[in-house]
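> return atomic coordinates for the entry below.
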Amino acid sequence: GPYDAIHVGAAAQEIPKALVEQLAPGGMMVLPVGPAGGSQEMVEVTKDKEGNTKVRSLFGVMYVPLVKDPAGVSAGGGQLN
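Numbers count the residues shown, from 1 in each chain. Below you'll find the predicted structure:
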């Protein structure tokens, strides 16, 4: 990082702080957020040039949960907290 764009392909219980920290100023992240089997929504997170973030709900979705292995590494290789 930092990255201009991040897309997460599995639902997180909440927006992962570690991913927001990896988002570059002026960048955007989209990810599904919500409990497995429950109400989830696609969320857009933007970071302005000053580093302030804004979160916007886009629409309802249903994704598999984001998981981490015992070492704390996501299936995509990114570090999770």
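> what bridges to the spatially most central residue of the chain?
Nearest to the centroid of the C-alpha atoms of the chain, with distances taken as Cα atoms, centre = their mean, sits residue 31, at 4.6 Å. Residue 31 has these beta-bridge partners by DSSP bridges: residue 43.
> thought it was touching residue 40?
No. The pair residue 31 and residue 40 fails to qualify as a contact (Cβ atoms under 8 Å) at a distance of 10.0 Å. For every residue, glycine as well, the C-beta is placed using N, CA and C.
> what touches both of these two?
residue 11 (Cβ atoms under 8 Å, 6 or more residues apart in numbering).
> tally of neighbours for residue 38?
Residue 38 has 9 neighbouring residues, counting by other Cβ atoms under 10 Å.
> do residue 32 as well
Using other Cβ under 10 Å as the criterion, residue 32 is surrounded by 21 other residues.
> change the start of the numbering to 671 and stick with it
All right, first residue 671 from here; so that's residue 702.
> and it, how far from residue 733?
Counting by Cβ to Cβ, to the nearest Å, the gap from residue 702 to residue 733 is 4 Å.
> which neighbours do these two share?
When contacts are counted by Cβ under 8 Å, 6+ apart, the set common to residue 702 and residue 733 consists of 680, 681, 710.
> what are the boundaries of the strands in this protein?
Taking DSSP state E to define them, one finds strands in the chain at 673-677, 693-703, 710-717, 723-731.
> ok, back up a step: now the shared contacts of residue 702 and residue 733 as CSV including distance to residue 671 and neighbour count?
Putting these into CSV (distance: Cβ to Cβ, whole Å; neighbours: other Cβ atoms under 10 Å) gives the following:
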residue, distance to residue 671, neighbour count
680, 19, 15
681, 22, 22
710, 25, 19
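> now render the residues you listed as TSV, adding distance to residue 689 and pLDDT.
Below are these laid out as TSV (distance: Cβ to Cβ, whole Å; pLDDT from 0 to 100):
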residue	distance to residue 689	pLDDT
680	12	93
681	13	94
710	17	96
